[in-house]
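1. Fold the following, please.
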Amino acid sequence: MIFKNTRSKAVQKTLQSVFSVQKLEEHCCFVFFHAFSHYIRHAKMSTNPSCPDNRIPYVVRKCIALLQICATSKFKLKQIHAFSIRHGIPVTNLDMGKHLIYTAVSLSVPMNYAHNIFTQIQSPNVFTWNTMIRGYAESENPKSAIELYHHMQLKPDTHTYPFLLKAVSKVVDVKVGEKIHSLVAKNGFESLLFVQNSLLHMYAACGQFESAYKVFELMPEKDIVAWNSVINGFALNGKPNEALTLYKRMGSEGVEPDGFTMVSLLSACAELATLVLGRRAHVYMVKVGLNKNLHANNALLDLYAKCGTISEARKIFDEMGIERNVVSWTSLIVGLAVNGFGKEALEHFKDMEREGLVPSEITFVGVLYACSHCGIVNEGFECFKRMKEQYDIVPRIEHYGCMVDLLGRAGLLKEAYDYIQDMPLQPNAVIWRTLLGACTVHGHLGLGAFARARLLQLEPKDSGDYVLLSNLYASEQRWSDVHEVRRTMLSEGVRKTPGYSLVELGNHVHEFVMGDRTHPQSEAIYKMLVEIAMKLKLAGYVPHTANVLADIEEEEKESALFYHSEKIAIAFMLINTLPGTPIRIIKNLRVCADCHFAIKLISKVFERDIVVRDCSHFHHFRDGSCSCRDYW
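-> So this is what the prediction gives:
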């Protein structure tokens with residue numbers, strides 16, 4: 001406070017009893033303004049020799065003090081700026097300008113305001129340049145930070161590069177990042193810990209996990225920020241196993257994880273669906289109090305949803321209570337949708353709206369996905385309309401993909417094609433692949449061939465598209481066309497992605513492929529497969545040989561069906577787990593109709609809950625039925 005009387009405890013106590021914290025702040029600023037105006041009217045605009053820094057005019061120092069005490073919003077910042085101009089401080093003043101820019105950046109005021117001040121300052125110092133670079137790096141236009149750096153008229157200091165590398169991370173331009181890395185080394189800043197952390201984060205954000213790891217290994221001292229950056233880099237770049245390995249190494253080196261570590265770890269566990277390790281992470285979070293961390297809880301919710309344990313995801317969501325945010329609601333809605341509980345997903349979406357939360361783009365992806373997998377076409381179009389009109393969300397290609405999928409799954413293939421033709425966005429390969437998949441399911445050869453022709457133009461080397469077209473021909477018994485597709489694959493060097501199934505047992509993930517006999521327990525597994533076959537036939541199982549899209553005898557087709565990777569994985573789990581233990585499987589391809597029917601019967605005959613996560617959906621099998629209600 002300025003006045004001695006307002007510094008007294010009695011006056012402070014009176015003010016606190018009269019005003020709330022916010023009103024007290026406004027009152028103090030009001031007093032400050034009026035007191036300062038009074039001083040200026042009765043004092044000369046000269047330096048004050050009694051002050052330590054007598055180089056700065058008195059009025060400038062007091063305006064800077066106003067900024068530090070009262071500038072808590074864009075409006076107040078502009079008030080103080082106007083006040084300074086009115087009392088004779090030129091717009092070119094370096095000291096006032098740098099504090100105005102610093103305050104504007106700290107308040108996340110649009111950068112055009114800071115830019116206008118910056119361009120009027122004569123010879124801005126390195127602090128001001130760094131502040132501008134930081135502001136652009138944290139803005140929606142981080143590329144401007146890089147452009148500003150190229151026009152920098154002073155030698156960068158230790159703070160310049162972390163801000164600059166943050167901008168590079170956001171624009172994901174590794175070539176620019178590598179050039180800056182060279183300059184960092186040239187200027188002698190490479191040994192600084194916070195610069196090393198910025199380089200590590202930049203490489204990880206640009207998908208260069210090998211470079212990120214190299215920077216990490218060369219660091220003589222690794223703080224928690226470095227560990228988090230490299231673990232998160234691996235988790236985000238499709239290297240979950242490496243992320244988990246580093247997490248274990250982190251523990252062995254005595255580094256305590258924090259909330260950011262747990263988010264990265266849980267993301268890696270979710271990618272691999274390693275529920276056992278995820279649960280251990282959950283226990284650790286509770287032990288050290290990280291279960292109160294909102295971001296970690298959202299990651300935990302996502303983990304349980306992606307591991308097919310939707311009941312535990314619901315429990316985490318309920319325990320979060322009033323702390324839940326849009327990310328929490330979105331994670332649950334998407335989790336319910338992909339786990340086959342579309343109706344519940346839509347109910348939670350309505351609850352979210354009733355609580356006054358504004359759904360995001362990703363929320364609507366989950367909502368439209370739920371409509372698609374529930375087969376509710378009209379409600380799906382209504383949600384799509386509301387997304388645009390009520391929430392002013394511009395649909396992205398993912399939303400249009402959901403709508404094409406919605407029509408395709410419902411068998412409305414002509415409508416799906418017309419919808420693609422009328423899209424305001426250029427349809428990508430995913431859109432045409434969705435249509436081709438629907439044509440394969442519903443047997444529409446002409447439209448399927450057209451979709452394939454579009455895919456050849458966009459992604460000619462994708463093996464999945466060849467397989468879909470081959471399956472479409474095979475379903476029509478057009479074996480010569482099937483052979484022609486396969487010859488084309490060979491001549492083009494396109495290899496079919498082999499199907500596999502993963503199951504977690506103890507601390508290990510076991511992988512199986514079709515007809516797999518490489519596992520140490522192969523003999524016991526195939527003995528269990530024979531037992532499964534016998535029990536299923538007694539329960540009414542008849543092999544769905546239409547799924548074997550090859551020109552072979554019926555008996556060979558039946559044999560081929562029973563050696564699919566998911567059936568082998570189930571047999572492995574039946575002989576290695578106690579009765580009643582749930583079985584969870586990850587499959588990289590779509591579950592075929594025969595396996596779907598067989599697993600329903602296995603869940604009833606062997607009294608097991610079985611969760612299968614295929615390339616696009618979860619299937620929860622229990623007592624002879626599936627959560628998808630045979631609509632997938």
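
2. switch to C-alpha atoms for all contacts and neighbour counts from now on
-> OK.

3. dump the residue contacts of residue 172.
-> Going by Cα atoms under 8 Å, 6 or more residues apart in numbering, residue 172 touches 202, 205, 206.

4. what do you get for residue 612?
-> 308, 584, 585, 586, 587, 618, 619, 620.

5. Which of those sits closest to residue 240?
-> residue 586 (14.7 Å; Cα to Cα).

6. quick one: secondary structure of that closest one?
-> strand (DSSP: H, G, I helix; E, B strand; the rest coil).

7. ok, now how distant is the residue nearest to the spatial centre of the chain from residue 301?
-> Nearest to the centroid of the C-alpha atoms of the chain, with distances taken as Cα atoms, centre = their mean, sits residue 236, at 8.3 Å. Using Cα to Cα, to the nearest Å, one gets 17 Å for the distance from residue 236 to residue 301.

8. now do residue 95
-> 49 Å.

9. Between those two, tell me which one has more neighbours.
-> More crowded of residue 95 and residue 301, by other Cα atoms under 10 Å: residue 301, with 26 against 17.

10. my guess is that one meets residue 330, correct?
-> No - using Cα atoms under 8 Å as the test, residue 301 is too far from residue 330 to be in contact (10.4 Å).

11. buried stuff in stretch 451-467?
-> Buried residues in stretch 451-467, defined by neighbour count with 16 or more other Cα atoms under 10 Å: 451, 452, 454, 455, 460, 461, 462, 464, 465, 466, 467.

12. for the stretch 201-350 of the chain, what spans make up the strands?
-> Using DSSP state E, counting those that start in this stretch, the stretch 201-350 of the chain contains no strands.

13. residues near residue 300, how many?
-> If we define neighbours as other Cα under 10 Å, then residue 300 has 30 of them.

14. which residues touch it?
-> Here residue 300 is in contact with 263, 266, 278, 282, 313, 316 (Cα under 8 Å, 6+ apart).

15. Could you do residue 241 as well?
-> 268, 272.

16. shaky segments in the protein?
-> Counting by pLDDT under 70, the low-confidence segments of the chain come to 1-56, 475-476, 507, 543-561, 631-632.

17. domains of it?
-> If you go by the TED database, the domain ranges for the chain are 416-492, 500-626.

18. How far off centre is the last one?
-> It refers to domain 500-626. 31 Å (Cα atoms, centre = their mean, to the nearest Å).

19. And stretch 361-380, by the same measure?
-> 19 Å.

20. what about the closest residue to residue 622 other than its chain neighbours, how many neighbours?
-> Of all residues not flanking residue 622 in the chain, residue 609 sits nearest, at 5.0 Å (Cα to Cα, 6 or more residues apart in numbering). Using other Cα under 10 Å, residue 609 has 20 other residues around it.

21. From what I see, residue 609 and residue 600 are in contact.
-> No - counting by Cα under 8 Å, residue 609 does not reach residue 600; the two are 9.6 Å apart.

22. helices or strands up against the host helix or strand of residue 523?
-> Using DSSP states H and E, residue 523 sits in helix 522-538. Helices and strands touching helix 522-538, by 3 or more Cα pairs under 8 Å, 6 or more residues apart in numbering; DSSP states H and E, are helix 565-576, helix 593-605.

23. you'd agree residue 105 is up against residue 131?
-> Yes - taking contacts as Cα under 8 Å, residue 105 lies within contact range of residue 131: 7.3 Å.

24. quick one, phi/psi of residue 611?
-> phi -110, psi 120 (degrees, to the nearest 10).

25. same deal with residue 621?
-> phi -100, psi 130.
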